[in-house]
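# need coordinates for the following:
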Amino acid sequence: MRMKDRLVDQAKKLTSSGVVVRVVSNDRVMRLATGVMDAKNRLRAARERAAEAWDILLNGHALPNIDPALDDEAGVHGATPARAPARQPAAPAAGGAGLSVVEDTASSESPRERTAARPHVNGVGANGAGTNGAGTYVAAAAEQQLATQMAARTSLSRIGGRDVFEKAYKFMTADNARAMGVYPFFRPLDFNNGPEAQLEGRTVIMLGSNNYLGLTTHPKVREAARNAIDKYGTSMTGSRLVNGSMRLHNELEQKLAAYHGKEAGLVFTTGYQVNIATISALLSNKRSVAMIDKDDHASIYDGVRLAQASGARMVRYKHSDPAALDSALSEIADTEGALVITDGVFSAQGEIASLPGIVEVVKKHKARLLVDDAHALGVIGPGGRGTAAHFGLGKEVDLIGGTFSKSLASIGGWLVGERKVLDYIQHFAYSFLFAASAAPPCVAAAMASLEVMQEEPWRQEKLRENFTYMRTELQRLGFELGKTETAVIPIYIRDDLKTVMMWKSLLDDYSLYVNPFITPGVPPKQQVLRTSYMATHERKHLDHALEAFEKVGKKFGVI
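The predicted structure is shown next:
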């Protein structure tokens, strides 16, 4: 073996050791490095903010909007006053993850933005050792550079000028992370058939899917999709308004309404579209208020943004806190109407909303309530009917919506409620009126999944057994899991770099696929490895995962 290869090999071993990883990912080290390496950019950001403030004084221009989902300065009813964080663009808590994409302060390009960073096993080295033979110092420096990039908070998205592509050319973090083999997102799977998937030719245990009931490969679901293609073709090639509605859509709408005990249902092309369309259609003037849980899904925030364009206001209340909601609703004017919007099961935390208290407050103030049950359908409640049914409050919730893309094993979205309300939405929501309708095979697959959910109740029982077992065992090992009560179990790491490195070790060393959620996809110090479970996971899958979590958790000093 050549000397160069030996050095690289030794670098890989050293940089993957627990001692080195703990030093490199230490908060104090990261803060020190960030302060030194990002000083120039902080000064530039300060100049930009000063210029914006002066512009407001002279011209009355508004500051650029930033996503309030993670911005405590935007105001949250019931929140404990905290230190003022540096202002930054941020992404709402999502069903998806985000990685801080920030400026490459070591290069002349100095990029920064929010996006993702995920690994590519064909990257340079197992832990960024590179192939230049410089050994441990270079490897550690490369990882520290990435840590600094992830920790920096000034946003590339603030860059403006004549060329709107400028920020794109300066965005280097994803490229750097790919080169280091630690980019965890947009990774193409060969197959994803349930509890096991195939990634670049090898089998991995899938703990990152929302296929809660394991129906994506169910024979009945597959057959329904095939038959729909044979009978109707692959697409309606038009919106529901004109040529895109068919009896198949209406049939599913009726079944969803009956399943939830509601008067009517409405089928959408995507689950994301449900919230955008519903919120923007109902909150369409200056006397409308969107009252949302601080940790609501990104699609809810985007729906509220559309409503704000028509003059509606947004008010956030402390996460899952009915008292904070009560306080917020008490402050709206008598001439204003409020729509309270909450996730039923929060997609990052696995926590069930405090719906009994929320319903009581909503009724007290004569507001209306929309529950997004994307992660609740098929998981909680009698027959998998979701959050309202879980608490016996099905008749008390005005609107319940969700997606086909989880328990219903398809692509699309659904909403149930009063017929007149849904009729109004489908006539006044532009994002519904002018979007192509859900494709026949997607609708047929979702309808078949809804039927299987009711025909095979053992799936929900097995799912509950699996996630209860994992929650109990992970807590026994010493992991911090938050308040999860469902198939989503977050493992709190509370550090960007450590989260990514643990994700990489789980995948590379134990063939275990999980989802890393780091800033700005989650608030600072809320970084997690998000795991989710299926009815089709066998005990051997879960026990292998527990063994891997224990070893990696100890290696990185988390337990």
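
# and the helices in the stretch 301-450 of the chain?
Assignment of helices within the stretch 301-450 of the chain using DSSP state H, counting those that start in this stretch yields the ranges 322-330, 355-364, 387-390, 419-428, 430-433, 440-455.

# residue 372: which of the ones you listed is closest?
Among these, helix 387-390 comes nearest to residue 372, with 9.2 Å by C-beta to C-beta. Any C-beta I mention is one placed from the backbone N, CA and C, and that applies to glycine too.

# which strands and helices sit next to the closest one?
When contacts are defined as 3 or more C-beta pairs under 8 Å, 6 or more residues apart in numbering; DSSP states H and E, helix 387-390 packs onto helix 355-364.

# pLDDT of the helix it packs on, averaged?
Mean pLDDT, helix 355-364: 98.

# just the buried positions in that helix, please.
Neighbour counts using 16 or more other C-beta atoms under 10 Å place 355, 358, 359, 361, 362 of helix 355-364 among the buried residues.

# gap between it and the chain center?
Chain-centre distance of helix 355-364: 26 Å, with C-alpha atoms, centre = their mean, to the nearest Å.

# now the angle from that helix to helix 322-330?
20 degrees (axes from the mean of the first three to the mean of the last three C-alpha atoms, to 10 degrees).

# which strands and helices sit next to helix 355-364?
Counting by 3+ C-beta pairs under 8 Å, 6+ apart, helix 355-364 packs on helix 322-330, strand 337-343, strand 368-372, helix 387-390.

# between the ones you listed, which one is nearest to residue 3?
strand 337-343 (56.0 Å).

# need the helices and strands packed on helix 355-364 in CSV (columns: distance to residue 554).
Formatted as CSV, the helices and strands packed on helix 355-364 follow (distance: least, C-beta to C-beta, whole Å):
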stretch, distance to residue 554
helix 322-330, 39
strand 337-343, 33
strand 368-372, 37
helix 387-390, 36
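
# how distant is the one helix or strand residue 223 maps to from the center of its chain?
Using DSSP states H and E, the element containing residue 223 is helix 219-232. Distance, stretch centre to chain centre, for helix 219-232: 30 Å (C-alpha atoms, centre = their mean).

# show me which positions of it end up buried.
Buried, per 16+ other C-beta under 10 Å, within helix 219-232: 221, 222, 224, 225, 228, 232.

# what is the subsequent helix or strand relative to that helix?
Next along from helix 219-232, by DSSP H and E: helix 247-260.

# pull out the buried positions in that following helix.
Neighbour-count burial for helix 247-260, counted by 16+ other C-beta under 10 Å, picks out 248, 249, 252, 253, 255, 256, 257, 259, 260.

# same deal with stretch 281-297?
In stretch 281-297, counting by 16+ other C-beta under 10 Å, buried: 281-284, 288-297.

# about what we covered before: reformat the helices of the stretch 301-450 of the chain as JSON lines; add distance to residue 492.
Formatted as JSON lines, the helices of the stretch 301-450 of the chain follow (distance: least, C-beta to C-beta, whole Å):
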{"stretch": "helix 322-330", "distance to residue 492": "23"}
{"stretch": "helix 355-364", "distance to residue 492": "24"}
{"stretch": "helix 387-390", "distance to residue 492": "23"}
{"stretch": "helix 419-428", "distance to residue 492": "38"}
{"stretch": "helix 430-433", "distance to residue 492": "35"}
{"stretch": "helix 440-455", "distance to residue 492": "31"}
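
# just to revisit the earlier point, of the buried residues of stretch 281-297, closest to residue 505?
residue 295 (28.4 Å).

# residue 490 is in what secondary structure piece?
Per DSSP H and E, residue 490 falls inside strand 488-492.

# still on that earlier bit, dump the buried residues of helix 355-364 to TSV, plus distance to residue 273.
As requested, the buried residues of helix 355-364 are arranged in TSV below (distance: C-beta to C-beta, whole Å):
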residue	distance to residue 273
355	24
358	24
359	26
361	28
362	24
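
# out of those, flag the one nearest to residue 549.
Distance to residue 549 across these (C-beta to C-beta) is lowest for residue 355, with 31.1 Å.

# per-residue confidence at the nearest residue to the closest one once chain neighbours are set aside?
Spatial nearest neighbour of residue 355, excluding adjacent residues (C-beta to C-beta, 6 or more residues apart in numbering): residue 391 at 5.0 Å. Looking at residue 391, its pLDDT reads 98.

# quick check, residue 391 in contact with residue 357.
No: the criterion here is C-beta atoms under 8 Å, and residue 391 misses it with residue 357 at 10.1 Å.

# follow-up on the earlier one: pipe the buried residues of stretch 281-297 into JSON lines and attach secondary structure per row.
Formatted as JSON lines, the buried residues of stretch 281-297 follow (DSSP: H, G, I helix; E, B strand; the rest coil):
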{"residue": "281", "secondary structure": "helix"}
{"residue": "282", "secondary structure": "helix"}
{"residue": "283", "secondary structure": "coil"}
{"residue": "284", "secondary structure": "coil"}
{"residue": "288", "secondary structure": "strand"}
{"residue": "289", "secondary structure": "strand"}
{"residue": "290", "secondary structure": "strand"}
{"residue": "291", "secondary structure": "strand"}
{"residue": "292", "secondary structure": "strand"}
{"residue": "293", "secondary structure": "strand"}
{"residue": "294", "secondary structure": "coil"}
{"residue": "295", "secondary structure": "coil"}
{"residue": "296", "secondary structure": "coil"}
{"residue": "297", "secondary structure": "coil"}
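
# nearest residue to residue 488 in space, ignoring adjacent ones along the chain?
Per C-beta to C-beta, 6+ apart, closest to residue 488 is residue 350, 3.3 Å.

# residue 362 too?
Leaving aside its chain neighbours, residue 362 sits nearest to residue 369 (4.7 Å; criterion: C-beta to C-beta, 6+ apart).

# who's in contact with that neighbour?
Applying C-beta atoms under 8 Å, 6 or more residues apart in numbering, we find residue 369 in contact with 339, 340, 341, 342, 358, 359, 362, 396, 397, 398, 399.

# on that earlier part again, contacting residues around the helix holding residue 223?
Contacts with helix 219-232, where a contact means C-beta under 8 Å, 6+ apart, come from 215, 246, 248, 409-410, 440-445, 447-449, 451-452.

# how far off helix 440-455 does it point, in degrees?
For helix 219-232 against helix 440-455, the angle by the same axes, to 10 degrees is 150 degrees.

# now helix 219-232 - C-alpha only, CSV.
C-alpha atoms of helix 219-232 as CSV (Å, rounded to 0.1, in the frame of the first residue of the first chain):
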residue,chain,number,x,y,z
PRO,A,219,-51.8,-6.9,-3.8
LYS,A,220,-55.3,-5.2,-3.6
VAL,A,221,-53.8,-1.7,-3.9
ARG,A,222,-51.5,-2.6,-6.8
GLU,A,223,-54.4,-4.3,-8.6
ALA,A,224,-56.6,-1.3,-8.2
ALA,A,225,-54.0,1.0,-9.6
ARG,A,226,-53.4,-1.3,-12.6
ASN,A,227,-57.1,-1.6,-13.3
ALA,A,228,-57.6,2.1,-13.2
ILE,A,229,-54.8,2.6,-15.8
ASP,A,230,-56.4,0.0,-18.0
LYS,A,231,-59.9,1.6,-17.7
TYR,A,232,-59.2,5.3,-17.4
